[in-house]
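**Student:** Sequence and predicted structure are below.
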Number of protein chains: 2
Amino acid sequence: MTKGSLFIISGPSGTGKGTVCKELARHDNIYLSVSATTRDKRVGEEEGVTYFYITKEEFSDMINQGMMLEYAKYSGNYYGTPKRQVEKMLDEGKNVILEIEAQGALKVKEKMPEAVMIFIVPPSIKELKSRLSKRGRESAEEIEKRINTAKWEFSQCPKYNYVLVNDDLETCVKDTLEIIKATNERQELIERLLKEI
Amino acid sequence: MTKGSLFIISGPSGTGKGTVCKELARHDNIYLSVSATTRDKRVGEEEGVTYFYITKEEFSDMINQGMMLEYAKYSGNYYGTPKRQVEKMLDEGKNVILEIEAQGALKVKEKMPEAVMIFIVPPSIKELKSRLSKRGRESAEEIEKRINTAKWEFSQCPKYNYVLVNDDLETCVKDTLEIIKATNERQELIERLLKEI
């Protein structure tokens, strides 16, 4: 069986990458990687779907044993990508989507250089600010902070394989599906050539 | 001025990547990087066009001063990519093509993660063998050696941004020009977004 491919999706907060990922996961053979976290489970969240909920001790054991592809600490809690879960899905021939911020993405790319990195950008900064205000989750100050983080994230774009503009959700999802298809076809081509040797 | 982009082109011996690169260099704003070598100049070769011819002492000084993006030794002579030359062209907004084997390519990618890596493959191994025999430069034994090297090179493909099949030269050049165009457009998009912040 052809090994599956790993896709890393990043983009500034408010570009709608979460919605793109959810849409992708509705398609055949595309699966979202589930992160592990040390934070408490919130109402409506589900173990193994929203996150894998583990203790701080379990988390640091996993780091020490090299079992995390990447991890980060936000407001006192750890979030990370368990390596084994990703590798298992890839071995099963699945296409795996990792929705992850740029810093973590670059760490994963170092460990798995075959990962296909997709960066999703908004059509304009004006639109990004408007989307962040509309969802009403962040204060004006917090929005400014996110825009400043976006600055650094944009500068990392050239390291990504693809940059997609999320102007229209449907088009953005379609473009991503085409990247997944092209990556799978390329994998098959290489396997065919290797068999011919 | 928008900074130029760096394109690394690799592929097994006999895929015709050299011809593709020569065709690309005939287009506006696309330049081939010229390697430095310690081997003697041959009849018909030109300083600064075929290679930069330098002494072994000069070459090892450049290595020690970190002035080589990558280098390798073949049959007693050194070959390498002078960093300054590439950076100068990029600063001038030029698209720079580096035709280089996979091992060197991965070294350059480590140092310049924004490099766009293109891998050119033959339509089949049968065709690759036939091309190598036809050009008549290598013995049967040497051809077998090159096919074996190709095996390792193919396994590195997933680390490349793009894999192109060189079935028809014109199509392969056209596909590469499209990649260059898309990369330039993406660079402009990012610069526009950064300016808007």
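**Tutor:** Received, thanks. Residues are numbered from 1 along each chain as shown, chains lettered A, B, ... in the order given.
**Student:** Now do the SS call for the closest residue in space to residue A:1 that isn't next to it in sequence.
**Tutor:** Distance criterion C-beta to C-beta, 6 or more residues apart in numbering or on different chains; nearest residue to residue A:1, sequence neighbours excluded, is residue A:93 at 4.7 Å. From N, CA and C alone the C-beta is placed, and that goes for glycine too. Three-state call for residue A:93 (DSSP: H, G, I helix; E, B strand; the rest coil): coil.
**Student:** hang on, isn't residue A:93 packed against residue A:30?
**Tutor:** No - if you go by C-beta atoms under 8 Å, residue A:93 and residue A:30 don't touch, sitting 11.7 Å apart.
**Student:** what about these two, which has more around it?
**Tutor:** residue A:30 (19 against 14; other C-beta atoms under 10 Å in any protein chain shown).
**Student:** hey, what's that one bridged with?
**Tutor:** residue A:95 (DSSP bridges).
**Student:** Please name the residues that touch residue A:72.
**Tutor:** Neighbouring residues of residue A:72 by C-beta atoms under 8 Å, 6 or more residues apart in numbering or on different chains: A:78, A:79, A:80, A:101, A:103, A:104.
**Student:** Would you agree the last one falls within a helix?
**Tutor:** What it means is residue A:104. Yes - Residue A:104 forms part of a helix when assessed by three-state DSSP.
**Student:** So what does the residue nearest to it when sequence neighbours are not counted look like in phi/psi?
**Tutor:** Once flanking residues are discounted, residue A:104 sits nearest to residue A:70: 4.0 Å by C-beta to C-beta, 6+ apart. With angles defined as degrees, to the nearest 10, residue A:70 sits at phi -160, psi 160.
**Student:** Tell me, how many residues neighbour residue A:70?
**Tutor:** Neighbours of residue A:70 using other C-beta under 10 Å come to 22.
**Student:** again with residue A:32
**Tutor:** Neighbour number of residue A:32 under other C-beta under 10 Å is 17.
**Student:** rewinding a little: how much space between the residue nearest to residue A:1 and residue A:3?
**Tutor:** 7 Å (C-beta to C-beta, to the nearest Å).
**Student:** Show the contacting residues for residue A:176.
**Tutor:** A:7, A:9, A:20, A:24, A:118, A:164.
**Student:** For the helix or strand hosting residue A:110, what does the pLDDT average out to?
**Tutor:** Element membership of residue A:110, judged by DSSP states H and E, is helix A:102-111. Throughout helix A:102-111, pLDDT has a mean value of 94.
**Student:** Please apply the same query to stretch A:129-144.
**Tutor:** 88.
**Student:** Stretch A:76-83 too?
**Tutor:** Stretch A:76-83 comes out at a mean pLDDT of 94.
**Student:** Equivalent analysis for stretch A:3-17, please.
**Tutor:** For stretch A:3-17, the mean confidence score works out to 94.
**Student:** Buried residues in that stretch, which are they?
**Tutor:** Residues of stretch A:3-17 classed as buried by neighbour count (16 or more other C-beta atoms under 10 Å in any protein chain shown): A:4-17.
**Student:** can you tell me which of those are up against chain B?
**Tutor:** Restricting these to those near chain B by C-beta under 8 Å from any C-beta of the partner chain leaves residue A:5.
**Student:** count of residues packed around the nearest residue to residue A:128 once chain neighbours are set aside?
**Tutor:** Spatially, and ignoring its direct neighbours in sequence, residue A:128 is nearest to residue A:122 (4.0 Å; C-beta to C-beta, 6+ apart). Residues near residue A:122, counting by other C-beta under 10 Å, number 23.
**Student:** Many thanks, have a good one.
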